Every structure is written in C-alpha cells, then in structure tokens.
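Asker: Provided below for reference: sequence and predicted model.
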Amino acid sequence: MKANLQEDRGINEKQDIENIQNIIQNDFAFTLKSTCLDENYHPSSKTRLTTNFANLARGANRQQNLRNALNMINNRFNALAHLDNPKADRYLLELEILTVTMSIDDKNGSNDLPMIEVLKTNIIDRKTGQQIEGVAGNNYSSYVRDYDFSILLIEHNKNKSTFSIPENFGDLHGKLYKCFVSSATYKEHFKMSPIICLSVSSNKTYTRTEYQHPVLGFEYLQDQYSITDEYFSKMGLKVRFFMPPNSVAPMAFYHSGDLLADYTDLGLISSISTMETFQKIYRPEIYNANSVAGKIYQPSLKHEDYSLTRVVYDREERSRLAVEQGKYADEHFIKPYKSLLKQWSANFIL
C-alpha cells in the first residue's frame, strides 16, 4: 500500500512538473479585445468595475458623464496641440478600451482569466484626414494589482504597529506585465511601449527643476520613492514627474525606454489630456485645484480650494470594488495556480 502511494505521488509530481514546464516553455497565451469608449459605452460583465471609465458609465447620468469627460479630453488635447490649430478644433481623440485575457493550460483544462485593462488613444487629424496612432497604457488596471494592494498588503499589515511590505511584493505582477508586453499579441497591436500616467503620491514632496519640456512641461523631482514606484519598477518601468503647461499639479509618468525620445509630441499629448481629465474627475483636490503647485509641492486630498467637474464619480464605490476584485483574483487565479505560478515566476527570464 505504501509503495503504491509513493508510486502515485511520483506520477502526480511528474505530471505537475510537465505542466509547469509546458507553461514555462509557452508562457501564457494572451487575447486582446477592443471596445470603443464613447458616450454609448456600457461596461461588459467582464470589465473591471474599479476602472475609471466603467465607474463613469453607470447610473442615471452615465451618458452625460461620458460625453462631458470626452469633451474635456478633446478640449485639453487641442489646447496642448496648438500649433497650426487656431480654432482649437483640429484634432479628435478616439479611445479604445483594451481588455487583456490570459489563458492557462493545466491538467484541469484551459482557463481564460481577465488580467489587464487599459485605454489606447487614436488621434484623428481633421485637417489632413490622417489617423495617428496614440499611446496605450492610459488608465492601467489589473486584477493582480487589486489583489496585491487591496488584499495582500492589507492582510500583511493587519494588527501590526509598524507598516511593512510583504516579501517579493509585486514580483508576480511585474513578470506577468513583462510577459504580456513582450508577447506576440502586444507586438501585433502596438508599435510603442505603454506609458502609465498616475497621480502623484499624497505623502511625498516634489521639487520643481529648471528643466521644461515643450509638451510635458516642468519636471519635478520626488524626495523618495513610493510603494507604487517600487511596484512599477518590478514591471520594468521608470518614473518621471512633469507638470504640463496650464496644469496645476505634476503627474507621474511610468515608462520604459526614453520618455522624451521614444514618443511623438501628439502621443504624449494624448496621454496627458486623457489622464489629466480623469484625475480632475477622480482627484479634484489635486488636479482641479484653484491654485498652481509651487516650486516645492506636497499634494493633499484634504485640500479644500478646488472646483468640481460636471462629472459624477463614486470614489467610495471604487475602493469597495477594488477589494471585491482583489478577492476575485485570489479565488480564481492566485490560489488555484499557486504552485504553477511560483514555478513560472522562478523560471521567468526576459
């Protein structure tokens, strides 16, 4: 009996090793689905509901919300792309929602898991009729990131007097991101690497430098790295902070390669106009403040001198849904594939 158990265990271990080797050899299969983000957009059942644009597209004011947000984006784009654009109406920015699904083949069959959602910009030049490829990465969100920040990090610090970060925090997420960006699926659809533009950290201090980029504006330096900076560094991304012309606060631009040389001015403008609009809606205390950031700047969500946009946004719902979707990732991805993911992560080399 004991010999049979050992033999069965050996067979199972061999099968597990073969499954792991198969995943490591083939990595994961990614599928990309595109949905137009316009005033008629309705979130699908598979959309991450914490995503900014999905939040705007629900409720009685959903269509007006989307229309107002898209108008804000286009107005900001034309204000920044002012060359040979006297009426500030030359360009139209179209937005695509890109939903990335990852397929895993194991001994239980094939499973498709929603992983990442981003916005991609497409620029229409009304004067020439040309369609210009914009930048992907806007509004970046992922289920594993929800799990890391809303489940793992909180559980790790529960009942602790001193805040700390779990060992290997962000390692798996970083490797999954690198795997996707280096995949044939990504290369088939995009010519440039993503730019992920986020709000600056409310517990860090930023100092303006003398360097001024014609599109990105004044560069700021941060006093120390944030948890998000460290987390994104594991995705192979560096960060620089710029306050674009006529903005009131700097934004964080996460990128690989050279932020200043690898992208066109119109591409950078597409990211700025898109993400600054969402930040004005989501964090008006910082990005729709009535005063401009000074040479030394510390953002605060408790700032009271700001204006509201004409867009309804539920921040409390967003925080609650982040926890729910972190639990989803835990139940459908982290726990079921724990051993496979551990082995894949240990052997992943890019």
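Answerer: Right, received. Where do you want to start? The structure displayed is predicted, hence computed values, not measured ones.
Asker: In the stretch 51-200 of the chain, mark out all the strands, start to finish.
Answerer: For the stretch 51-200 of the chain, strands defined by DSSP state E, counting those that start in this stretch occupy the ranges 91-106, 109-125, 131-142, 196-199.
Asker: what would those look like in TSV with mean neighbour count?
Answerer: Any C-beta I mention is one placed from the backbone N, CA and C, and that applies to glycine too. Below are the strands of the stretch 51-200 of the chain laid out as TSV (neighbours: other CB atoms under 10 Å):
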stretch	mean neighbour count
strand 91-106	19
strand 109-125	18
strand 131-142	22
strand 196-199	21
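Asker: The ones you listed: which one's closest to Ile349?
Answerer: When those are compared by CB to CB, strand 91-106 sits nearest Ile349, at 18.8 Å.
Asker: tilt between the closest one and strand 131-142?
Answerer: 50 degrees (axes from the mean of the first three to the mean of the last three CA atoms, to 10 degrees).
Asker: List the strands paired with strand 91-106, with their directions.
Answerer: Looking at strand 91-106 with DSSP bridges, its partner strands are strand 29-37 (antiparallel), strand 109-125 (antiparallel).
Asker: picking up where we left off before, out of the strands of the stretch 51-200 of the chain, flag the one nearest Ala322.
Answerer: Nearest to Ala322 among the strands of the stretch 51-200 of the chain is strand 131-142 (9.3 Å), distances taken as CB to CB.
Asker: circling back to that earlier point, okay, the strands of the stretch 51-200 of the chain in TSV with mean pLDDT and distance to Ile151 next?
Answerer: Formatted as TSV, the strands of the stretch 51-200 of the chain follow (pLDDT from 0 to 100; distance: least, CB to CB, whole Å):
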stretch	mean pLDDT	distance to Ile151
strand 91-106	88	19
strand 109-125	86	16
strand 131-142	92	13
strand 196-199	96	20
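Asker: Looking at these, spot the one closest to Met235.
Answerer: strand 196-199 (8.5 Å).
Asker: and Asp262, which of the strands of the stretch 51-200 of the chain is closest to it?
Answerer: That would be strand 131-142 among these, by CB to CB, at 10.1 Å.
Asker: Pull the distance from that closest one to the chain's centre.
Answerer: 9 Å (CA atoms, centre = their mean, to the nearest Å).
Asker: Excluding chain neighbours, what is closest to the residue nearest to the spatial centre of the chain?
Answerer: Centroid-nearest residue in the chain: Tyr140, 1.6 Å away (criterion: CA atoms, centre = their mean). In this structure, Tyr140 finds its nearest non-sequential neighbour in Ile196, 4.4 Å apart by CB to CB, 6 or more residues apart in numbering.
Asker: wait, the one you found sits on Tyr254?
Answerer: Yes. Taking contacts as CB atoms under 8 Å, Ile196 lies within contact range of Tyr254: 4.2 Å.
Asker: list residues touching both of these two?
Answerer: Jointly contacting Ile196 and Tyr254 under the rule CB atoms under 8 Å, 6 or more residues apart in numbering are Phe232, Leu237.
Asker: Kindly reformat the strands paired with strand 91-106 as JSON lines containing distance to Lys175.
Answerer: JSON lines is the format used below for the strands paired with strand 91-106 (distance: least, CB to CB, whole Å):
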{"stretch": "strand 29-37", "distance to Lys175": "14"}
{"stretch": "strand 109-125", "distance to Lys175": "12"}
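Asker: can you give me the strands for the stretch 251-350 of the chain?
Answerer: Using DSSP E, counting those that start in this stretch, the strands assigned to the stretch 251-350 of the chain run over residues 251-255, 296-297.
Asker: What residues are bridge-paired with Thr35?
Answerer: Counting by DSSP bridges, the residues bridging with Thr35 are Ile97.
Asker: residues contacting it?
Answerer: Contacts for Thr35 (CB under 8 Å, 6+ apart) come out as Tyr41, Ser44, Glu96, Ile97, Thr99.
Asker: Out of those, which comes closest to Arg283?
Answerer: Distances from Arg283 to the contacts of Thr35, taken by CB to CB, are shortest for Ile97, at 21.2 Å.
Asker: isn't that closest one right up against Asp38?
Answerer: No. With contacts counted by CB under 8 Å, Ile97 stays clear of Asp38, the gap being 10.3 Å.
Asker: and Phe253, how many residues sit next to it?
Answerer: For Phe253, the neighbour count with other CB atoms under 10 Å is 24.
Asker: just the contacts of Thr35 now: which is nearest Asp258?
Answerer: Nearest to Asp258 among the contacts of Thr35, with distances taken as CB to CB, is Glu96, at 24.9 Å.
Asker: Which residue comes closest to the closest one once chain neighbours are left out?
Answerer: Lys120 (4.6 Å).
Asker: is that neighbour in a bridge, and if so with what?
Answerer: Beta bridges link Lys120 to Glu96, Ala136, judged by DSSP bridges.
Asker: and Val239, what element?
Answerer: If you go by DSSP states H and E, Val239 is part of strand 238-243.
Asker: Which two among the contacts of Thr35 are spaced furthest apart?
Answerer: Across the contacts of Thr35 (CB to CB), the longest gap, 14.0 Å, separates Ser44 and Glu96.
Asker: re the thing from before, and the residue nearest to Tyr140, what does it touch?
Answerer: Shown in contact with Ile196 (CB under 8 Å, 6+ apart): Gly137, Asn138, Tyr140, Phe232, Leu237, Phe253, Tyr254, His255.
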